[in-house]
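K.L.:
structure for the following, please:
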Amino acid sequence: EINTFTPVQHPANDMTTATVTTHFDYHSIDHNLLKLDILGHDDPTMIRMLQDLTGLDPQTIPLDDQTVMSLFMNTSALGVEPEDINGIPLGCLGIPEFGTDFAMQMVIDAKPTEFSDLIRISGLSHGTDVWLGNAQTLIEQGIATISTAICTRDDIMIYLIGMGLDSEQSFTIMESVRKGKGLKEEWKEEMRAHNVPEWYIDSCLKIKYMFPKAHAAAYVMMAWRIAYCKVFYPLAYYAAYFSIRATGFNYEIMCQGKERLEYFYKDYTRRKDSLSKKEQDVYRDMRIVQEMYARGFDFTPIDIYRALPDRFQIIDGKLMPALNTIEGMGDNAAIAVAEAAKDGKFLSKDDFRQRTKVTLILWQILDCWAICRSPISCRYLILHKYLFCGIKKRQEKMKFPDVSFFVKNCIVTTPAYGLKICTLPGAATDV
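P.N.:
Residues are numbered from 1 along each chain as shown. A predicted model of the protein is given here:
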């Protein structure tokens, strides 16, 4: 147990909290700990969904497609102009590793032209003090390029061996630099003796942590396969992205047309510096939806009998959002509604609420957006539900030519609600 080798304590500013922390800083004890990094990763899940939607084996996707590469240079592969997507100059919005503002700025500065450059950019983005104030400055000043700057830990060893240093010493220097321990004086002298430029030595001294090239390559290969689908299977891409990565997708804001989206986007942009965490997620996903609209694609309204709880679907050339994109509809409620819908049509609002167990507020939201708007209100009597029940005897004695004849010959009461006789859903006669 951890308290066998380090004291534990409550936070100094709140002695009543149940939170307990270690007394010593983590880095002063990490050499004595066995730490397991078990990380979740959305990319394989997204690739699996893309494979299911397209039938395309991701292993067969070429890694040298120039149309895909153009996403990291401009927006031409998407068929849109930057002004169509609020000035974003690249097509890699929403692509893993390259879709954030920070990563896109790195791409703009680094000017990649081939797949290997993307691996180097991924390494830069995951390192500490490798890009900002280091490789970025060297590239801006023309001293280095994306191909010659230090981007991953492997670069150091390979470069030093190429410059003539001993392979074992090159490895030792790489290990020291990638851990942020800098360079010993004798190493610097050895590097200078083999004509390693001074800017390279200075760059090594600034680095605090470096990403391994194999990890960067694996990440970029997954990102590339997703980017390929964004270009050649756009609806499948957006369905997979919104299903798996979009944590702020909102049916009310995003699926009611481009004009409504633009209204909310401008409002969020105006309040950008004061958005809550939830609003930040919504704002991020708005940009992907905006791009989708700009490419000429659209949503189809949610059909409660066809929609899935947490997955978008491609239906008739449009995207049908998942049930959990409705404001207030959590995952459990979405599953309950989808399961209840499998049992047949909802006969009334009361029937819907009883079978799905949704809250009144959620029902009102569904009704407002016509997602489950029944023509029969909960205070109405559904005639066909009772034909063989309370009026069975009269039914056996006579045939009813029409509703008015039935009303005259049969008295049916519904306590507390009043009565409405319906021939079929949608046509009704008051009593």
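K.L.:
which residues of the stretch 151-300 of the chain score low on pLDDT?
P.N.:
For the stretch 151-300 of the chain, no stretch is flagged by pLDDT under 70.
K.L.:
so Arg322 sits right up against Leu308, yeah?
P.N.:
Actually, residue 322 is Ala rather than Arg. Yes - Ala322 is within contact range of Leu308, at 5.6 Å (criterion: Cβ atoms under 8 Å). In short, each C-beta sits where N, CA and C put it, glycine included.
K.L.:
neighbour count winner among those two?
P.N.:
Between Ala322 and Leu308, Ala322 has the larger neighbour count (other Cβ atoms under 10 Å), namely 25 against 16.
K.L.:
show me what contacts the closest residue to that one other than its chain neighbours?
P.N.:
Once flanking residues are discounted, Ala322 sits nearest to Asp310: 5.0 Å by Cβ to Cβ, 6 or more residues apart in numbering. Asp310 makes contact with Ser243, Ala322, Leu323, Asn324, Asp331, Ala334, according to Cβ atoms under 8 Å, 6 or more residues apart in numbering.
K.L.:
ok, so of the residues you listed, who is nearest Val80?
P.N.:
Proximity of the contacts of Asp310 to Val80 (Cβ to Cβ) peaks at Ser243, which lies at 22.8 Å.
K.L.:
what sits up against the helix or strand where that closest one lies?
P.N.:
Element membership for Ser243 (DSSP states H and E) is helix 234-244. Outside helix 234-244, the residues within contact range by Cβ under 8 Å, 6+ apart are 42, 45-46, 49-50, 53-54, 94, 226, 229-230, 249, 285, 288, 292, 295, 297, 310-314, 317-319, 321-322, 325.
K.L.:
any idea of the pLDDT on the residue nearest to Ala322?
P.N.:
With respect to pLDDT, Asp310 has a value of 93.
K.L.:
buried sites along the following helix or strand past the helix holding Ser243?
P.N.:
Note on helix 234-244: by DSSP H and E, the next helix or strand toward the C-terminus is helix 251-254. When burial is assessed from 16 or more other Cβ atoms under 10 Å, helix 251-254 yields the following buried residues: Tyr251, Ile253, Met254.
K.L.:
repeat for stretch 103-116
P.N.:
Ala103, Met104, Met106, Val107, Ala110, Pro112, Phe115.
K.L.:
touching, the first one and Glu97? I think so.
P.N.:
Yes - A contact is recorded between Ala103 and Glu97 when judged using Cβ under 8 Å, the distance being 6.5 Å.
K.L.:
now do the contacts for Ala341.
P.N.:
Counting by Cβ under 8 Å, 6+ apart, Ala341 touches Ile304, Tyr305.
K.L.:
what about it, distance to Pro309?
P.N.:
For Ala341, the distance to Pro309 (Cβ to Cβ, to the nearest Å) stands at 10 Å.
K.L.:
and what of Asp154?
P.N.:
For Asp154 relative to Pro309 (Cβ to Cβ), the value is 44 Å.
K.L.:
for Asp65, which non-adjacent residue is closest in space?
P.N.:
Nearest non-adjacent residue to Asp65, counting by Cβ to Cβ, 6+ apart: Tyr228, 6.5 Å away.
K.L.:
so who does the one you found touch?
P.N.:
Taking Cβ under 8 Å, 6+ apart as the test, what Tyr228 contacts is Ile61, Pro62, Asp65, Val68.
K.L.:
drop anything exposed from these.
P.N.:
Counted by 16+ other Cβ under 10 Å, the contacts of Tyr228 give Ile61, Asp65, Val68 as buried.
K.L.:
ranges for the strands of the stretch 1-150 of the chain?
P.N.:
Using DSSP state E, counting those that start in this stretch, the strands of the stretch 1-150 of the chain run over residues 8-9, 21-22.
K.L.:
which parts of the stretch 301-431 of the chain are strands?
P.N.:
313-315, 318-320, 420-424, 427-430.
K.L.:
avg pLDDT for the third one?
P.N.:
Mean pLDDT, taken over the full extent of strand 420-424, equals 37.
K.L.:
now swap in the first one and tell me
P.N.:
Strand 313-315 carries an average pLDDT of 96.
K.L.:
ditto for the second one
P.N.:
Average pLDDT, strand 318-320: 96.
K.L.:
any residues touching that strand, and which ones?
P.N.:
Counting by Cβ under 8 Å, 6+ apart, 235, 238-239, 242, 292, 297-303, 306-307, 312-314 sit against strand 318-320.
K.L.:
make it 10 Å
P.N.:
235-236, 238-239, 242-243, 255, 289, 292, 297-303, 306-308, 311-314 (Cβ atoms under 10 Å, 6 or more residues apart in numbering).
K.L.:
buried only: go through those for me.
P.N.:
235-236, 238-239, 242-243, 255, 289, 292, 297, 299-300, 302, 307-308, 311-314.
K.L.:
how distant is stretch 266-273 from the center of its chain?
P.N.:
With Cα atoms, centre = their mean, to the nearest Å as the basis, stretch 266-273 stands 21 Å off its chain's centre.
K.L.:
and for stretch 58-75?
P.N.:
Relative to its chain's centre, stretch 58-75 lies at 21 Å (Cα atoms, centre = their mean).
K.L.:
list the buried residues in the helix or strand encompassing Asp154.
P.N.:
Under the criterion of DSSP H and E, Asp154 resides in helix 153-162. Within helix 153-162, the residues scored as buried using 16+ other Cβ under 10 Å are Arg153, Asp154, Asp155, Ile156, Met157, Tyr159, Leu160, Ile161.
K.L.:
end-to-end on stretch 143-163?
P.N.:
18 Å (Cα to Cα, to the nearest Å).
K.L.:
how far off centre is that stretch?
P.N.:
34 Å.
K.L.:
cool, stretch 243-258 as well?
P.N.:
Distance, centroid of stretch 243-258 to centroid of chain: 11 Å (Cα atoms, centre = their mean).
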